[in-house]
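> missing the sequence, but the structure's below:
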């Protein structure tokens, strides 16, 4: 294979460029002193906690059961004077995925009630969910609520 002076300079130029880029890419990816990236849920969003309790842990098929809970604002600066209505969703675990059953609204640091009934005998796993909003981050209930229907 015969190399011309022109092809040797191309190879040398490509090598110089690749070495320069290899040193430049890490510097572009994380400039010195840059703040770490945060998710939109953390950047400026108030934190909330959602929890609840079933009135009974065992009901008959089609019998109604109350699930009462509250939405607590953990960020004191956001808790004062907020008049927005926040959505709370009760979800059921079905086939390994959480499926929305019902939703309601409540004020921050306020309470809510769901009245649920199920038409099949089963052990039902439920949780409460507050979706992310412009003011507050998303939150799930800390524990799963178990209801025996039958």
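Received the coordinates, thanks. Because the structure is a prediction, the values reported are computed rather than measured.
> After the helix or strand bottoming out on mean pLDDT in the chain, which helix or strand is next?
One helix or strand of the chain scores below all others by mean pLDDT, DSSP states H and E: helix 5-29, with a mean of 46. Sequence-wise, the next helix or strand downstream of helix 5-29 (DSSP states H and E) is strand 48-54.
> Partner strands of that next one and their direction?
strand 65-73 (antiparallel) (DSSP bridges).
> Residues contacting the partner strand from elsewhere in the structure, which ones?
Contacts to strand 65-73, defined as CB atoms under 8 Å, 6 or more residues apart in numbering, come from residues 46-56, 59, 79, 82, 86, 88, 90, 106-117, 126, 128, 130, 136, 141, 145, 147. Placement of C-beta: from N, CA and C, glycine included.
> What average pLDDT does that strand get?
Averaging pLDDT along strand 65-73 gives 96.
> Stretch 84-98 too?
On average, stretch 84-98 scores 95.
> now the end-to-end length of that stretch.
End-to-end distance of stretch 84-98 (CA to CA, to the nearest Å): 26 Å.
> in it, what's buried?
86, 88-92, 98 (16 or more other CB atoms under 10 Å).
> Then stretch 54-72?
Residues of stretch 54-72 classed as buried by neighbour count (16+ other CB under 10 Å): 54, 59, 65, 67, 69-71.
> between these, which is closest to residue 122?
The nearest member of these to residue 122, counting by CB to CB, is residue 59 at 11.1 Å.
> What distance do you get for residue 97 to residue 127?
12 Å (CB to CB, to the nearest Å).
> count of residues packed around residue 128?
If you count neighbours by other CB atoms under 10 Å, residue 128 ends up with 24.
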